[in-house]
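K.L.:
predicted model follows, preceded by the sequence.
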Protein chains: 2
Amino acid sequence: MSQSRRNESIPEATVPRLSQYLRKLQQLQARGAETVSSRQLADAVGTNPAQIRKDLSYFGEFGTRGVGYDVNLLVGELRKQLGLDRSWNVIIIGSGKLGTALALYRGFEKQGFNLVGMFDTDERVIGRDRGAGPVLSIDELESFIEANDVHIAIITTPAEAAQPLIDRVVAAGVPSVLNFAPIRASAGEPVILRQVDLSTELMTLSFYLDKD
Amino acid sequence: MSQSRRNESIPEATVPRLSQYLRKLQQLQARGAETVSSRQLADAVGTNPAQIRKDLSYFGEFGTRGVGYDVNLLVGELRKQLGLDRSWNVIIIGSGKLGTALALYRGFEKQGFNLVGMFDTDERVIGRDRGAGPVLSIDELESFIEANDVHIAIITTPAEAAQPLIDRVVAAGVPSVLNFAPIRASAGEPVILRQVDLSTELMTLSFYLDKD
DNA sequence: ACCTGTGAAGCATTTCACAGCT
DNA sequence: AGCTGTGAAATGCTTCACAGGT
């Protein structure tokens, strides 16, 4: 839906799995493991070995037959493929509890996501530190984006505010958006948009609960 | 992966879409719309009409040829199919910023998700109100679950704490878990498990950003 | 004229199964 | 003997296209 060029052929379903492989591999790396087989990794992330070999094969041949994969090498390769061998500038729009929770979760700074700014409309929080330096007024959104090469905007506002703000960040040139507001957001074609939706998750659980 | 019986045949991909149809339909309902065609609904949620008709057809025939769907009727039908014609008891484990954000988001109470308790290990927050009445000690987890018929446990703890707590709620009989901790959690077969993962979302964005 | 419901076609993803390397 | 890489088969999902009803 949102790829291009060289990776025309990588299944969309593969991409999120790569990040899970990476997480597990980094754990193995921290424990000093040097080698891992597709079976071991599959058991650890809950899939099957063929899935892993197929996913990796879209990018090249990284394993050694009879042995498995070199953990360090594969970590490096996955980081490169996932675009983690550089840094990305992230802003959070909405400095409520959720925005603050995400800002304080410093786990992703390690992977190269650089939280450069946080925005809100509420006069009372502007200027305060919610985990990303002083919260800025939404009035400064466009000028800040212009000046700071923002790659990712995370939306954590109430539902009503979300779509107009997405339109604004997109118009200002931000190429990707992660939306936590409970709406089905939309954005023009070249923009990469992902949505995280609590009520959809809960309803999906209740659908299956109801069937037992 | 986690269905049974009657619904053996409903694609997993259909279920989250039903919740999006429902949200749009409830908006239409609020605006007084009486009828909607698959094309209108498809445009509104960003899919195509055949998808909607196919999704609905798994549950029955709710439309009128030449006319479309009765909005009220379809809202009722979707709520029933999604298990929203009853209420579900939810607990949140972890009363940090994220847990509190979810507790304060009262949007889902309207849909029948009933937040009955919130748990933490930190002595300093136990007893305080974080949006769901007094925060309880994690020591009371099993007895609370026993006494309160808990259907859904939402995990918002740090990574290290998550898997053992999931094991505990599952052992105590909670049939479904929504995990926000950044781990690939696992749970035995009859349990319904869904995961929301910020770092996977960010990495998926950066994968596609990198290709432009 | 318009719109649903649905077989069948088309497309995407997963899994199998085995040749080939260490 | 063990494990990767990959065509091919199997499965799952989406879209087409049209018969049938209003």
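P.N.:
Right, received. Where do you want to start?
K.L.:
what does the host helix or strand of A:Lys80 contact?
P.N.:
Per DSSP states H and E, A:Lys80 falls inside helix A:71-81. Under the criterion C-beta atoms under 8 Å, 6 or more residues apart in numbering or on different chains, residues A:18, A:21-22, A:25-26, A:28-29, A:33-36, A:56, A:59-60, A:62, A:85, B:207 lie in contact with helix A:71-81. Every C-beta, even on glycine, is put in place using the N, C-alpha and C of the backbone.
K.L.:
could you find the closest non-adjacent residue to A:Val196?
P.N.:
A:Phe180 (5.2 Å; C-beta to C-beta, 6 or more residues apart in numbering or on different chains).
K.L.:
mind listing what the one you found touches?
P.N.:
A:Phe180 sits next to A:98, A:154-156, A:195-197 when contact means C-beta under 8 Å, 6+ apart.
K.L.:
chain A: strands as residue ranges?
P.N.:
A:35-36, A:63-64, A:68-70, A:88-93, A:113-120, A:136-137, A:152-155, A:176-179, A:192-195 (DSSP state E).
K.L.:
among those, which is the most enclosed?
P.N.:
strand A:152-155 (a mean of 26; mean count of other C-beta atoms under 10 Å in any protein chain shown).
K.L.:
most distant residue from the centre of chain A?
P.N.:
Distance to the chain centre peaks in chain A at A:Gly66, reaching 34.2 Å (criterion: C-alpha atoms, centre = their mean).
K.L.:
how close does that one get to A:Lys211?
P.N.:
In this view, A:Gly66 and A:Lys211 are 45 Å apart by C-beta to C-beta, to the nearest Å.
K.L.:
next: A:Val116.
P.N.:
Counting by C-beta to C-beta, the gap from A:Val116 to A:Lys211 is 45 Å.
K.L.:
about what we covered before: for the residue farthest from the centre of chain A, give its distance to A:Thr35.
P.N.:
From A:Gly66 to A:Thr35 the distance is 11 Å (C-beta to C-beta).
K.L.:
before we move on, what about A:Gly46?
P.N.:
Taken as C-beta to C-beta, the span from A:Gly46 to A:Thr35 is 21 Å.
K.L.:
with A:Ala13 instead?
P.N.:
Counting by C-beta to C-beta - A:Ala13 and A:Thr35 are separated by 27 Å.
K.L.:
cool, and A:Ile93?
P.N.:
Taking C-beta to C-beta, one finds A:Ile93 at 44 Å from A:Thr35.
K.L.:
what residues does chain A have near DNA strand C?
P.N.:
A:11-14, A:47-48, A:50-51, A:53-54, A:64-67 (C-beta under 7 Å from any atom of the strand).
K.L.:
repeat that for 10 Å
P.N.:
Within chain A, the residues that sit near DNA strand C (C-beta under 10 Å from any atom of the strand) are A:1, A:8-17, A:38, A:42, A:47-55, A:57-58, A:63-67.
K.L.:
just the buried ones from those residues, in PyMOL syntax?
P.N.:
With 16 or more other C-beta atoms under 10 Å in any protein chain shown as the criterion, this PyMOL line picks the buried residues out of the residues of chain A next to DNA strand C:
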select buried, chain A and resi 10+14+15+17+38+42+47+51+52+53+55+63
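K.L.:
before we move on, back to that, dump the strands of chain A into TSV; add distance to chain B and mean pLDDT as well.
P.N.:
Shown next, in TSV, are those (distance: least, C-beta to the nearest C-beta, whole Å; pLDDT from 0 to 100):
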stretch	distance to chain B	mean pLDDT
strand A:35-36	15	98
strand A:63-64	21	97
strand A:68-70	18	98
strand A:88-93	6	98
strand A:113-120	5	97
strand A:136-137	20	98
strand A:152-155	6	98
strand A:176-179	5	98
strand A:192-195	5	96
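K.L.:
between the ones you listed, which gets nearest to DNA strand D?
P.N.:
strand A:63-64 (2.8 Å; C-beta to the nearest atom of the strand).
K.L.:
who are the packing partners of that closest one?
P.N.:
Where contact means 3 or more C-beta pairs under 8 Å, 6 or more residues apart in numbering or on different chains; DSSP states H and E, strand A:63-64 is not packed against any helix or strand.
K.L.:
hmm, it touching DNA strand D?
P.N.:
Yes: using C-beta under 10 Å from any atom of the strand, we find that strand A:63-64 touches DNA strand D at A:63-64.
K.L.:
quick one: the residue positioned nearest the centre of chain A from B:Arg184, how far?
P.N.:
The residue lying closest to the centre of chain A (C-alpha atoms, centre = their mean) is A:Leu178, at 7.6 Å. Distance of A:Leu178 to B:Arg184, given as C-beta to C-beta: 20 Å.
K.L.:
mind checking how far A:Arg194 is from A:Phe59?
P.N.:
21 Å.
K.L.:
would you map out the domains in chain A?
P.N.:
In terms of domains, chain A is parsed into A:5-81, A:88-201 (source: automatic domain parsing).
K.L.:
helices or strands up against the longest helix anywhere in chain A?
P.N.:
What stands out as the longest helix in chain A, according to DSSP state H, is helix A:14-30. The helices and strands touching helix A:14-30, judged by 3+ C-beta pairs under 8 Å, 6+ apart, are helix A:38-45, helix A:49-57, helix A:71-81, helix B:198-209.
K.L.:
between helix A:14-30 and the last one, find me the angle.
P.N.:
Comparing the axes of helix B:198-209 and helix A:14-30 via axes from the mean of the first three to the mean of the last three C-alpha atoms, to 10 degrees yields an angle of 120 degrees.
K.L.:
between helix B:198-209 and helix A:71-81, how many degrees?
P.N.:
Using the same axes, to 10 degrees, helix B:198-209 lies at 60 degrees relative to helix A:71-81.
K.L.:
export helix B:198-209 as CSV, just CAs?
P.N.:
The C-alpha trace of helix B:198-209 is given here as CSV (Å, rounded to 0.1, in the frame of the first residue of the first chain):
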residue,chain,number,x,y,z
LEU,B,198,4.8,1.0,19.8
SER,B,199,8.2,0.0,18.7
THR,B,200,6.9,-2.3,16.0
GLU,B,201,4.7,0.5,14.7
LEU,B,202,7.6,2.9,14.6
MET,B,203,9.9,0.4,12.9
THR,B,204,7.2,-0.3,10.3
LEU,B,205,7.0,3.4,9.5
SER,B,206,10.8,3.7,9.3
PHE,B,207,11.0,0.7,7.0
TYR,B,208,8.8,2.4,4.5
LEU,B,209,10.3,5.9,5.1
